[in-house]
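>>> Give me a model of this one.
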Amino acid sequence: MAKKSTWITPFKKQCFVTLGVSLNMAAHGLVMGFAAILLPQLRQPDSIIPIDDSSGSWIASILGFALVAGNFIVPTVMAKYGRRTANLCSLAPMIVGWFCIIMATNITTLLIARFLQGIAMGMSASLGPVLIGEYTSPKNRGAFLTTISLTIATGVLTVHTLGSYLAWQTAALVIAFIMFVDLLIVIYSPESPSWLADQGRYEDSEKVFRWLRGDGEDEELRRMIETSMVVRESKADANLSDSFSKRMRANMAYFAVTMRKKEFYKPIFIMIHIYTLGQWAGANILAAYTLDIFKHVIGSEANISLLIITLDAQRIISNSVAVYVIKKIKRRTMLFATVGINMFAFLATAAYTYAKAHDMISFDHPFIGIALIHIHMFSIATGTVPLPFIIAGEVFPLEYRSLAGGISVLFLSSNLFITVKTVPFLFNNFGIHGAYILYAVVVGYCVMIAWWFLPETKDRTLQEIEDEFRGRPLSPEELKSTQSLTSMKLHNADRRCSSPVV
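Predicted structure coming up:
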């Protein structure tokens with residue numbers, strides 16, 4: 001037993017549970033990248049499912065609609081049944097979706113399959129950062145959260161490589177097997193210690209916390225359990241009455257009070273813009289319309305299949321570098337630097353393609369377009385994909401994590417649908433240069449909001465970040481008064497929660 005404990009360290013246990021979450025998040029890359037291999041094969045004359053531009057764009061973008069459904073489902077499952085259970089529930093529609101694709105013979109079946117996969121993506125998008133944030137130590141949390149983007153990038157490379165050599169049905173079968181392996185890992189992972197504490201299962205919470213973290217983080221464990229005990233006590237006081245009408249009024253009052261809490265609405269406001277930035281920065285566009293972008297920027301003479309695989313490989317390398325760099329550099333510095341590179345890539349590519357289309361350049365070479373696309377991908381892989389998940393795993397307070405995360409991810413899903421669905425329209429009517437200028441404007445606006453409102457979160461505990469949003473630590477007395485909604489002192493508690501705190 002002693003020998004076993006020397007090599008099965010808390011860090012390795014955190015790696016194991018993070019792998020279960022990250023492989024689920026890798027499905028984002030597998031699903032988005034699958035459109036890039038599916039649509040060209042369906043456009044072939046001998047395809048068993050013929051498509052046009054309209055049906056193809058729906059196959060690629062219907063995920064956005066489904067993500068909304070997943071966003072609504074996951075907060076209840078996370079809060080009531082646990083993070084691990086929610087992770088298992090998100091894998092079920094993903095696996096079923098891949099088997100539907102394998103057996104598909106018409107567009108309707110493909111749309112149903114993609115819708116199921118979108119539901120799973122919507123669930124895991126809210127769940128993944130939260131679960132990793134609760135599983136891992138503050139000093140390693142940034143690196144572990146960066147593995148989300150790394151596995152997404154690996155998923156894109158995997159599916160693009162499979163599509164270069166296999167039919168889309170066979171590629172779907174291979175991916176379904178990967179998802180089944182992930183299911184086994186999640187089954188053998190523990191529940192989140194934060195959720196166990198929130199349910200009053202303090203012994204189980206401490207046991208899992210020490211299994212994951214070891215014995216060096218007692219202060220975080222103590223604060224987590226103490227806060228959970230106060231919240232549970234105040235909620236119990238608020239539920240003394242069995243009257244349905246009184247409980248409804250209490251819940252409405254609770255929501256009204258909660259909406260005015262800085263630690264609730266500030267993270268949501270920030271994450272709305274961070275998620276919007278992440279979608280308009282071009283990750284899903286490059287994953288779903290890789291072939292089209294290479295043809296617009298470089299031309300059809302080059303070996304496009306090789307260039308796509310090379311680009312995906314560069315994304316993985318950049319993501320791997322980001323895992324190391326994110327441990328050294330502050331979140332805000334990383335965000336602004338990588339978004340700056342992203343905007344440069346958008347504007348430079350727009351200028352290059354416009355000048356190329358109007359014969360305004362005296363010298364041209366495919367390497368110029370290849371370099372611009374790789375610079376764009378570098379900015380995505382090191383910043384605009386990993387950072388939204390990292391920040392989402394750190395800014396939401398424990399009490400409102402499910403609700404706040406679900407609200408924020410609605411903007412991820414809606415922007416995913418808008419960006420992917422409108423690519424054919426924008427490219428055909430405004431050219432790639434017009435589309436890229438629009439993307440740069442949206443990204444620029446979002447990063448300005450982040451500049452003003454996003455605090456630094458690196459190497460800070462979740463409780464410290466929550467306290468900064470609030471303006472100060474919340475005392476047990478204040479916590480009880482704001483949570484006891486059926487109390488006669490609700491009006492006074494309401495005034496305290498809405499009063500400004502400097």
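>>> unless I'm mixing things up, residue 112 is touching residue 103, no?
No: look at residue 112 against residue 103 with C-beta atoms under 8 Å: they stay out of range, at 11.0 Å. Placement of C-beta: from N, CA and C, glycine included.
>>> Tell me which residue is most central in this structure.
With distances taken as C-alpha atoms, centre = their mean, the chain has residue 125 as the residue nearest its mean C-alpha position (4.1 Å).
>>> What's the separation between it and residue 77?
Going from residue 125 to residue 77 by C-beta to C-beta, to the nearest Å gives 14 Å.
>>> Can you get me a residue count around residue 295?
For residue 295, the neighbour count with other C-beta atoms under 10 Å is 15.
>>> cool, residue 395 as well?
Neighbours of residue 395 using other C-beta under 10 Å come to 29.
>>> could you list every residue that touches the nearest residue to it once chain neighbours are set aside?
Distances taken as C-beta to C-beta, 6 or more residues apart in numbering put residue 267 closest to residue 395, at 4.1 Å, once the chain neighbours are dropped. Contacts of residue 267 were listed using C-beta atoms under 8 Å, 6 or more residues apart in numbering, and they are 395, 396, 397, 404, 408, 469.
>>> re earlier: which secondary structure element is home to the residue nearest to the centre of the chain?
Using DSSP states H and E, residue 125 maps to helix 107-135.
>>> ditto for residue 416
Counting by DSSP H and E, residue 416 is part of helix 401-421.
>>> so after that helix, what's the next helix or strand?
By DSSP H and E, the next helix or strand past helix 401-421 is helix 423-453.
>>> before we move on, the earlier item: check contacts around the residue nearest to the centre of the chain.
By C-beta under 8 Å, 6+ apart, residue 125 lies in contact with 25, 28, 67, 70, 71, 409, 412, 413.
>>> Could you report the separation of the second one from residue 447?
Taken as C-beta to C-beta, the spacing of residue 28 relative to residue 447 amounts to 22 Å.
>>> which of those two has more neighbours?
Higher neighbour count among residue 28 and residue 447: residue 28, with 28 against 22, using other C-beta under 10 Å.
>>> got the end-to-end distance for stretch 257-268?
Distance across stretch 257-268, first residue to last, is 16 Å (C-alpha to C-alpha, to the nearest Å).
>>> what separates it from the chain centre, distance-wise?
Relative to its parent chain, stretch 257-268 has a centroid offset of 21 Å by C-alpha atoms, centre = their mean, to the nearest Å.
>>> Show me which residues of it are buried.
Within stretch 257-268, the residues scored as buried using 16 or more other C-beta atoms under 10 Å are 257, 258, 261, 262, 263, 264, 265, 266, 267, 268.
>>> do the same with stretch 154-174
Going by 16+ other C-beta under 10 Å, stretch 154-174 has these buried residues: 154-163, 168, 171-173.
>>> for stretch 391-398, same thing?
Buried-residue list, stretch 391-398, by 16+ other C-beta under 10 Å: 391, 392, 393, 394, 395, 396, 397, 398.
>>> Pick out whichever of those sits closest to residue 107.
residue 392 (33.9 Å; C-beta to C-beta).
>>> My guess is residue 390 contacts residue 129. True?
Yes: Residue 390 is within contact range of residue 129, at 7.2 Å (criterion: C-beta under 8 Å).
>>> anything in contact with each of the two?
With C-beta under 8 Å, 6+ apart, residue 390 and residue 129 have common neighbours 145, 148.
>>> nearest residue to residue 312 other than its sequence neighbours?
Nearest non-adjacent residue to residue 312 (C-beta to C-beta, 6+ apart): residue 157, at 3.5 Å.
>>> Now do that neighbour against residue 150, distance only.
On the measure of C-beta to C-beta, residue 157 and residue 150 end up 11 Å apart.
>>> Identify the contacts common to those two.
Contacts common to residue 157 and residue 150, judged by C-beta under 8 Å, 6+ apart, are residue 316.
>>> quick one on the thing from earlier: what is the distance between the helix or strand following the helix holding residue 125 and the centre of its chain?
On the C-terminal side of helix 107-135, the nearest following helix or strand under DSSP H and E is helix 138-165. Its chain's C-alpha centre and that of helix 138-165 lie 12 Å apart, by C-alpha atoms, centre = their mean.
>>> ok so, going back, would you list the contacts of residue 125 in CSV and tack on pLDDT and distance to residue 432?
Shown next, in CSV, are those (pLDDT from 0 to 100; distance: C-beta to C-beta, whole Å):
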residue, pLDDT, distance to residue 432
25, 89, 29
28, 88, 24
67, 81, 26
70, 84, 31
71, 76, 31
409, 73, 29
412, 79, 24
413, 77, 25
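>>> What subset of those is buried?
25, 28, 67, 70, 71, 409, 412, 413.
>>> okay if I get those residues as JSON lines plus distance to residue 318?
Output for those, formatted as JSON lines (distance: C-beta to C-beta, whole Å):
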{"residue": "25", "distance to residue 318": "17"}
{"residue": "28", "distance to residue 318": "17"}
{"residue": "67", "distance to residue 318": "25"}
{"residue": "70", "distance to residue 318": "28"}
{"residue": "71", "distance to residue 318": "28"}
{"residue": "409", "distance to residue 318": "24"}
{"residue": "412", "distance to residue 318": "21"}
{"residue": "413", "distance to residue 318": "25"}
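>>> Just the closest of the contacts of residue 125 to residue 309, please.
Of all the contacts of residue 125, residue 309 sits closest to residue 28, with 19.1 Å by C-beta to C-beta.
>>> Give me the phi and psi for that closest one.
The phi and psi values for residue 28, taken as degrees, to the nearest 10, are phi -60, psi -50.
>>> I'd like to know how many residues surround the closest residue to it other than its chain neighbours.
Of all residues beyond its chain neighbours, the one nearest residue 28 is residue 152 (5.0 Å), with distances taken as C-beta to C-beta, 6+ apart. Residues near residue 152, counting by other C-beta under 10 Å, number 28.
>>> For residue 381, see how far away residue 152 is.
9 Å.
>>> what's the answer for residue 102, then?
Taking C-beta to C-beta, one finds residue 102 at 30 Å from residue 381.
>>> Please say which of those two ends up with more neighbours.
Using other C-beta under 10 Å, the more surrounded residue of residue 102 and residue 381 is residue 381, with 28 against 16.
>>> Look up the closest residue to that one, ignoring the ones flanking it.
Leaving aside its sequence neighbours, residue 381 sits nearest to residue 318 (C-beta to C-beta, 6+ apart; 3.5 Å).
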